[in-house]
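S.K.: Quick one, what's the 3D model for this:
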Amino acid sequence: MTVYVDDMYKYPVGQFRRMKMSHLIADTREELDAMADKIGVARRWIQSAGTHQEHYDVAMSARAKAIAAGAVQIEYMTCGFMCARRGVEGVLGDPAEAEAWRVAYFEKRAAAKALEAGQ
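M.R.: Next comes the predicted model:
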């Protein structure tokens, strides 16, 4: 089981005035909350609780603490692909496979739709 932190702060969506934010995600809610406790992020700041997009938005200082505590750094897009996979399969999967999973998933969906349409 692993906790991940992305690099959303590099993109406009992760910047609000002077604040720069990242997503903190984990394989399980227990791991996510344990990391939040360890780095001083209040549990009430959970986002999308109980869904496949469950995460904390963390400032740069908390991001650094998470990395020091063992969180694995991932790219912003990889985080999105992993959360999408959790919505489909119930697991985040390996970050190294996130892009390949996304491509295969949408190819499979397109093929199923083509079959449905009789093509």
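
S.K.: When you work out contacts or count neighbours from here on, use the C-alpha atoms and nothing else.
M.R.: Fine.

S.K.: which of the residues in stretch 64-81 are buried?
M.R.: Neighbour counts using 16 or more other Cα atoms under 10 Å place 65-66, 71-76, 78-81 of stretch 64-81 among the buried residues.

S.K.: if I look at Gln15, how far off is Ala59?
M.R.: For Gln15, the distance to Ala59 (Cα to Cα, to the nearest Å) stands at 10 Å.

S.K.: Common neighbours of these two, please.
M.R.: Met21 (Cα atoms under 8 Å, 6 or more residues apart in numbering).

S.K.: Which ones among the buried residues of stretch 64-81 map onto helices?
M.R.: Those of these mapping onto helices are 65-66, 76, 78-81, per DSSP state H.

S.K.: Check those residues and tell me the two furthest apart.
M.R.: Lys65 and Phe81 (24.1 Å; Cα to Cα).

S.K.: can you tell me which strand in this protein is longest?
M.R.: With secondary structure taken from DSSP state E, the chain has its longest strand at strand 19-26.

S.K.: what lines up beside it in the sheet?
M.R.: Looking at strand 19-26 with DSSP bridges, its partner strands are strand 3-5 (antiparallel), strand 15-16 (antiparallel), strand 55-59 (antiparallel).
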